[in-house]
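1. Here is my input; please provide its structure:
(chains A and B)
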Amino acid sequence: MIVDSYKYLPRTFRPFYEGRGPFPGEEAPVWAPFAKRLAESRIALLTSAGIYLKQSQPAFDLEREQANPEWGDPTWRAIPATARPVDIAVAHLHINDEDILADPEIALPMRLLEQLAGEGLVGGAVANHVAVMGYQDRRLTDWRATTAPQIVAHLFEQGVDALILAPA
Amino acid sequence: MPVLARWIEAAGIPTVVVTMMPAVAEERRAPRIVGVEFPFGHAFGMPHDKVMQRRVLELALRVLAGAAGFGTRVDLDVEWPVPVREAYRAWQPKVASPIVRKMLEARQSPG
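-> Numbers count the residues shown, from 1 in each chain, chains lettered A, B, ... in the order given. Predicted structure coming up:
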């Protein structure tokens, strides 16, 4: 089956995504070989669903987005693999968050990854996964200058071998 | 998200993007792509459907570890179990996002 990439996208949004080509300056292939066996690899997850820990972390800044609709909070959150579904909140104005709150695994399958590690399919999972809020300034200025380098440093600190990213 | 994947890949960490819009991830030159024909907000499937979630995660891991080269895309052969119209309505926020409201207002304003 070949996925219809626009099945759930409102028709008026389609021109914002389709046929726009590479991001400026991001035309060339990039490739980091996956060197190890999966069973010996430590895997991290990254979601753009705007997940954060409601007791200990600030929400993504939705007030500023309300005031300036072209802007999206470019910061990121480290989400402990031990976080329980009740610890998790969602700050994202572009999706209905009900299903993610009911089962955060649909955006950030941390428990399932732990289970696969337990079965020996993967070597392990990082202690702290990553969450961002996917609605961003079109030029991605802050993501490029600040967020991406911080996430890379975090992932290396966590001893990561590879990363699964999932947009909301 | 595909661009963020590129920056992380360029730093030396292999990445795979699990996405509802694999054609866009291809255009944006993501290194490895798994396509899912799911409504937004549901990259790994239906809430509480462990079997479906596992199919997505296992495919992502296989593509991550086994893709032979740049631009590899594999789509998941799973149909969303909710009728399209219902699922289309269900994923959208109850209140239109600020940018959508702004676009609608611009369209309605005179001149």
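2. alpha carbons only for contacts and neighbour counts from here, please
-> Will do.
3. can you tell me which residues contact residue 75?
-> I'll assume chain A. Each residue near residue A:75 by Cα atoms under 8 Å, 6 or more residues apart in numbering or on different chains is listed here: A:60, A:132-133, A:143, A:147.
4. that answer is for a different chain, and I need it for chain B
-> Residues near residue B:75 by Cα under 8 Å, 6+ apart: A:1-3, B:34-36.
5. Can I get those residues in TSV including distance to residue A:24?
-> Putting the contacts of residue B:75 into TSV (distance: Cα to Cα, whole Å) gives the following:
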residue	distance to residue A:24
A:1	31
A:2	27
A:3	26
B:34	23
B:35	23
B:36	26
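6. Arrange those in TSV, one row each, with secondary structure and distance to residue B:87 as further columns.
-> Output for the contacts of residue B:75, formatted as TSV (DSSP: H, G, I helix; E, B strand; the rest coil; distance: Cα to Cα, whole Å):
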residue	secondary structure	distance to residue B:87
A:1	coil	19
A:2	coil	19
A:3	coil	16
B:34	strand	21
B:35	strand	18
B:36	coil	14
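7. how about the nearest residue to the residue most central in space within chain B, chain neighbours excluded?
-> Geometric centre of chain B, nearest residue: residue B:19, 2.2 Å, by Cα atoms, centre = their mean. In this structure, residue B:19 finds its nearest non-sequential neighbour in residue B:35, 5.2 Å apart by Cα to Cα, 6 or more residues apart in numbering or on different chains.
8. Identify the bridge partners of that neighbour.
-> Judged by DSSP bridges, the bridge partners of residue B:35 are residue B:19, residue B:75.
9. Which pLDDT value belongs to it?
-> With respect to pLDDT, residue B:35 scores 98.
10. neighbours around it, how many?
-> For residue B:35, the count of nearby residues is 27 (other Cα atoms under 10 Å in any protein chain shown).
11. Same check on residue B:34?
-> Neighbours of residue B:34 (other Cα under 10 Å): 29.
12. from memory it sits against residue B:74, does it?
-> Yes - using Cα atoms under 8 Å, residue B:34 is in contact with residue B:74, at 5.0 Å.
13. list the residues that contact both of the two?
-> Contacts common to residue B:34 and residue B:74, judged by Cα under 8 Å, 6+ apart, are residue B:63.
14. so where is chain B shaky, pLDDT-wise?
-> B:110-111 (pLDDT under 70).
15. Which helix runs longest in it?
-> Criterion DSSP state H: the longest helix present in chain B is helix B:50-66.
16. Which residue ranges of chain A form helices?
-> Using DSSP H, the helices assigned to chain A run over residues A:14-17, A:62-67, A:98-102, A:110-118, A:141-142, A:148-157.
17. Dump the ones you listed into a markdown table; add mean pLDDT, mean neighbour count and distance to residue B:101 as well.
-> As requested, the helices of chain A are arranged in a markdown table below (pLDDT from 0 to 100; neighbours: other Cα atoms under 10 Å in any protein chain shown; distance: least, Cα to Cα, whole Å):
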| stretch | mean pLDDT | mean neighbour count | distance to residue B:101 |
| --- | --- | --- | --- |
| helix A:14-17 | 92 | 12 | 16 |
| helix A:62-67 | 96 | 14 | 10 |
| helix A:98-102 | 97 | 18 | 21 |
| helix A:110-118 | 98 | 18 | 34 |
| helix A:141-142 | 96 | 14 | 24 |
| helix A:148-157 | 98 | 17 | 29 |
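18. Save those as CSV, and put in distance to residue A:23 too.
-> Shown next, in CSV, are those (distance: least, Cα to Cα, whole Å):
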stretch, distance to residue A:23
helix A:14-17, 11
helix A:62-67, 23
helix A:98-102, 29
helix A:110-118, 30
helix A:141-142, 12
helix A:148-157, 15
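19. Adding distance to chain B, write those out as CSV.
-> Shown next, in CSV, are these (distance: least, Cα to the nearest Cα, whole Å):
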stretch, distance to chain B
helix A:14-17, 6
helix A:62-67, 6
helix A:98-102, 6
helix A:110-118, 7
helix A:141-142, 11
helix A:148-157, 6
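20. one step back: which residues are in contact with the longest helix of chain B?
-> A:34, A:37-38, A:105-106, A:109, A:112-113, A:162, A:164, B:14-18, B:32-34, B:44-46, B:72, B:74, B:76.
21. and if you look at stretch A:135-142?
-> Counting by Cα under 8 Å, 6+ apart, residues outside stretch A:135-142 touching it are A:70-74, A:92, A:94.
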